[in-house]
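**Student:** Pasting the sequence and the predicted coordinates here, then a few questions.
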Amino acid sequence: MPTATRLRLLTAAALLATALAAACGSGSPPGGPADIPVVRPTPSACQNASYPAEAPQLDAVGMDQFAETPTGLRVYDMVTGDGEPASGAARVRVNYTGWLEGGCVFDTTYSDQQPAEFAPANLIQGWEEGILEMRVGGQRRMVIPPQLGYGPLGFAPVIPPDSTLIFHVELLDVIDAPEATATAEAQATAAADARATAEARATATAEAAPQTPQPTAEATQEPPVSGTPEVFIPEVPTPVPGISEDPSEPGY
């Protein structure tokens, strides 16, 4: 099943709770909008035909082997993990399979060998409660009653209303908030160091390049022409018509 569908399946609890609360408080009469039709999973919603034979199987654990918690969740640890605890983790990476009570495989990561990654706080209540008690390396079976899963609304057309769900969960890794923050800070520091190194190299290259001397003001002046002295030639006035240059002539 595509990852987007897995996310929708496992993170729909908040929306379902909101819708259920609205329906319960609406006071709609029988046959009104609050009535939820029974939805049966279609054959295409069950993935049994493509489910690997070597993947975890439903009948590997008997129903009498589960221990019930105060909330009604039933769990059985097939393998007890000894790695990091999932409690307090920001995200978890898992392989899992989900069955309906009749044996329909409605969701799995084992068919395409693509583990899923979730934030536990965004999962349905049964998943959140069951997985936060695990450690990396652990494998757990969980039987989730309707009130801890999808309730009377179900998740059409895959999960009918009031369905009890059975999950096999294998915890592969946990990503806690401090680790995620430290990783982001380390990446930011590395990027800043790379920029500083590039700027230093650019500066060093510019300083090492040969400098072209700039001409001075004296060098830009044109030298005087040598060999011929400068001679001042007075300007000869131009005669004005009608005026004699001889003082003895009239009109001067």
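**Tutor:** Yes, it's here. Numbers count the residues shown, from 1 in each chain.

**Student:** tell me the mean pLDDT for stretch 149-168?
**Tutor:** Taken as a whole, stretch 149-168 has an average pLDDT of 93.

**Student:** got it, and stretch 60-72?
**Tutor:** 95.

**Student:** what does that stretch contact?
**Tutor:** R74, V75, Y76, M78, Q125, E129, R141, V143, P145, Q147, L148 (CB atoms under 8 Å, 6 or more residues apart in numbering). For glycine as for every other residue, the C-beta is placed from the backbone atoms N, C-alpha and C.

**Student:** Please name the two of those residues that end up farthest apart in the structure.
**Tutor:** M78 and Q147 (24.8 Å; CB to CB).

**Student:** shaky segments in the stretch 1-150 of the chain?
**Tutor:** 1-44 (pLDDT under 70).

**Student:** Tell me which stretches of the chain form strands.
**Tutor:** 67-68, 74-79, 89-100, 105-108, 116-118, 139-144, 165-176 (DSSP state E).

**Student:** want to throw the ones you listed into CSV with mean neighbour count and distance to A194?
**Tutor:** Formatted as CSV, the strands of the chain follow (neighbours: other CB atoms under 10 Å; distance: least, CB to CB, whole Å):
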stretch, mean neighbour count, distance to A194
strand 67-68, 10, 53
strand 74-79, 17, 43
strand 89-100, 21, 27
strand 105-108, 22, 42
strand 116-118, 17, 28
strand 139-144, 22, 42
strand 165-176, 21, 25
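
**Student:** So for P157, which of those sits nearest?
**Tutor:** Here strand 105-108 is closest among the strands of the chain (CB to CB), at 9.9 Å.

**Student:** other SSEs contacting that closest one?
**Tutor:** helix 3-10, strand 89-100 (3 or more CB pairs under 8 Å, 6 or more residues apart in numbering; DSSP states H and E).

**Student:** Go again with 10 Å.
**Tutor:** The helices and strands touching strand 105-108, judged by 3 or more CB pairs under 10 Å, 6 or more residues apart in numbering; DSSP states H and E, are helix 3-10, strand 89-100, strand 165-176.

**Student:** Not counting its own residues, what contacts it?
**Tutor:** With contacts defined as CB atoms under 10 Å, 6 or more residues apart in numbering, strand 105-108 is touched by 1, 5-6, 9-10, 41, 45-52, 55-58, 95-100, 111, 116, 155, 157-159, 163, 165, 167-168.

**Student:** Restricted to buried residues, select these in ChimeraX.
**Tutor:** Command for ChimeraX, covering only those of those found buried under the criterion 16 or more other CB atoms under 10 Å:
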select :1,6,9,10,41,45,46,47,51,56,58,95,96,97,98,99,100,116,155,158,159,163,165,167,168
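
**Student:** Pull out the buried residues from stretch 117-124.
**Tutor:** F118, P120, L123, I124.

**Student:** Provide a list of residues in contact with the nearest residue to the first one once chain neighbours are set aside.
**Tutor:** Yep, that's F118 we're talking about. Closest residue to F118 apart from its sequence neighbours, by CB to CB, 6 or more residues apart in numbering: V92 at 5.9 Å. Residues near V92 by CB under 10 Å, 6+ apart: 86, 115-120, 123, 127, 131-132, 134, 136, 169, 171-176.
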